[in-house]
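[1] below is the structure, and that's it, no one-letter string:
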């Protein structure tokens, strides 16, 4: 019996069990700490990216943008002192920012995004009040996999200006 | 500088092409030789210069175009699709032949069924049986596949169950229509060529229940397609093997019902029921109805459990959707394909919109106001009851797992190098041909698209599944993103119907019976197949060039009437 238990995962790999949500690992976003908040430098996290529920199997908006559900899981994040961990999404040029809300139980959060390239940002906000942009320090952040699509042209990797300055979105 | 040089080269293309193209001639064999036909590189977006080293490359197969150099003016102009109402026991004569099609003021030799593009629209009642006496009048061997019909296996129109119909030969098909909805027919031999050239048509299967769909003022069948042309004409197809094997052949001209300027006129407030079919070789459309409200009603083989409002209809090759649209503002509206295209050179997404058809909405309301009925989303308990018998299987482990992958050999080195860099990010869906030169140069002799069975390691036609009639099989399809060139694949299962019960483990909450479903890159799709129809059938990718590059398997459903050979 234990052998069978070993074989089945080999046959079916790391794919989901019945009913288990398993977003594509390929598009998973690694959340990297900034170390700006004491005690959070060893924190890690991921934002799983899966198509939003759709009758078509794929979810796209009327302008053709993908519509994704995000599932954040953070690890080794100490309890927030003097503030509230809050999740945001943003376009890479920071021109559009949306607040997904405070981290939930077990340091998890979910949200929806319909941008093709985007940032996921976790900040330590002074309180749970809604705001248009974060006020506290960034604790972790990550970039959608599509952010890697930047290899054939552009302004080069060592320049400090944001890519958007050059028209690369 | 490179950009400017490339742009200049592209501008010179029509002249280059005209100098190179010096006619075609008839030949012999499976694909008539057309060795006097010259390759022309496909149109390139000047903003996306080609990779260095590819400037002089050509596909390693001979070019092919239909008609062997015939003057298109010798052929009759293709006619629009005619509705052919067929009663039980009726016979239709269907012929694949040469037609002239005029696109953008240029005349081309192309194909059509009964001189029409799309072919005749078969209008039948659910449950009828009709006979189609098919004649092949084109030089290529062909056969007709009746896509989505759960019909007698002998008439499925694949090489598993019949020989190819050679030029001048006939084959008699007997069709049955057990399910209501919109279906389509097309060749199942070199469809990258034949289907692209115009061999496709619809079947509209009428349910006995007048209330099957909600009330509508009119019904419109809309067949979506694209065609690859440059300033000189049609870009040739591969003779011995398909070109565009990596991504499939994306067109540069959008077609609805075979023409680039399809138009309809409705009155303000009219509810139009659209029957959409995507017959393109490779392109997935994201159809937007010009801001009009759209209600999703049905797909390939049934209605949805529940109707739903949608902002657009993403429709992959071979899929069908039934959508009701209310045009409540007078004026000119466009039905568009609205996508976020990718420019790999610049590493960016950019919005791109093509007009598929136009709608004039007259400022006069229809006599009967259907706004109240249209505003209501209907549930379909009969669909739900039909599915209930399968729910016990939803959560069980899969019976078979397929990994979708690709193998390549002998591709030009710049393509290999470019692809290895580019796969740092692969989008879930390829909405546009973001690498037209590299794609064109890849052929079925260099690219093998693979369905690999996990556990056995068997691939494509080495996979043989045996099922019992009445069995319900759960098949998991994983589109591996870590391959040489990952891409979305519309997976089609012949002769049966299936439910997409989960995508990436997320249960589907509004089910519909399908025969074709898209698997984005990186995703895992779980389907439950109702194996009710005996015979030997195919499962394959419906990107025509991927099918030509091997992405298919066969399975047998045992039982009486098994017509497999």
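    Cool, the structure landed. These numbers come from a predicted model, not from an experiment. Numbers count the residues shown, from 1 in each chain, chains lettered A, B, ... in the order given.
[2] got the residues of the stretch 401-550 of chain B near chain A?
    B:401, B:421-422, B:424-429, B:431, B:454-455, B:476, B:478, B:481-482, B:500, B:502-510, B:512, B:517-525 (CB under 8 Å from any CB of the partner chain). All C-beta atoms are positioned from the backbone trio N, CA, C, and that covers glycine.
[3] buried ones among these?
    B:401, B:422, B:425-429, B:431, B:454, B:476, B:478, B:481, B:500, B:502-506, B:508, B:512, B:517-525 (16 or more other CB atoms under 10 Å in any protein chain shown).
[4] show me where the stretch 101-250 of chain B has its strands.
    Secondary structure of the stretch 101-250 of chain B by DSSP state E, counting those that start in this stretch: the strands cover B:106-113, B:121-125, B:129-136, B:144-147, B:170-176, B:181-187, B:201-206, B:218-227, B:229-230, B:233-234, B:237-238.
[5] rewinding a little: among the residues of the stretch 401-550 of chain B next to chain A, which are located in helices?
    B:421-422 (DSSP state H).
[6] for whichever residue of chain A sits closest to chain B, which non-adjacent residue is closest in space?
    Distances between chain A and chain B by CB to the nearest CB are smallest at residue A:24, namely 3.1 Å. Distances taken as CB to CB, 6 or more residues apart in numbering or on different chains place residue B:522 nearest to residue A:24, at 3.1 Å, with adjacent residues excluded.
[7] please report the distance of the one you found from residue B:459.
    20 Å (CB to CB, to the nearest Å).
[8] for residue A:75, same thing?
    39 Å.
[9] more neighbours: which of these two?
    residue B:459 (20 against 11; other CB atoms under 10 Å in any protein chain shown).
[10] that one contacts residue B:450, correct?
    Yes - applying CB atoms under 8 Å, one finds residue B:459 in contact with residue B:450, separated by 5.1 Å.
[11] next, the angle strand B:218-227 makes with the one helix or strand residue B:339 maps to.
    Of the helices and strands defined by DSSP states H and E, residue B:339 is found in strand B:331-343. Orientation note: strand B:331-343 sits at an angle of 30 degrees relative to strand B:218-227 (axes from the mean of the first three to the mean of the last three CA atoms, to 10 degrees).
[12] would you map the helices across chain B?
    Under DSSP H, chain B gives helices at B:2-20, B:191-194, B:371-375, B:381-388, B:413-422, B:436-441, B:544-548.
[13] for those, which has the smallest mean pLDDT value?
    Among the helices of chain B, helix B:2-20 carries the lowest mean pLDDT, a mean of 32.
[14] strands along chain A, start to end?
    A:29-33, A:44-51, A:68-75, A:84-90, A:97-102, A:108-113, A:119-125, A:138-143 (DSSP state E).
[15] need these in TSV with mean pLDDT and distance to residue B:96, can you?
    Listed next are the strands of chain A as TSV, based on pLDDT from 0 to 100; distance: least, CB to CB, whole Å:
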stretch	mean pLDDT	distance to residue B:96
strand A:29-33	96	50
strand A:44-51	95	39
strand A:68-75	95	44
strand A:84-90	97	52
strand A:97-102	96	54
strand A:108-113	94	47
strand A:119-125	97	53
strand A:138-143	96	51
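[16] among these, which is nearest residue B:319?
    strand A:44-51 (16.1 Å; CB to CB).
[17] tell me the phi and psi of the residue in the stretch 451-565 of chain B that chain A sits nearest to?
    Of all residues in the stretch 451-565 of chain B, the one sitting closest to chain A is residue B:522 (3.1 Å; CB to the nearest CB). Torsion angles at residue B:522 (phi, psi; degrees, to the nearest 10) stand at phi 80, psi -10.
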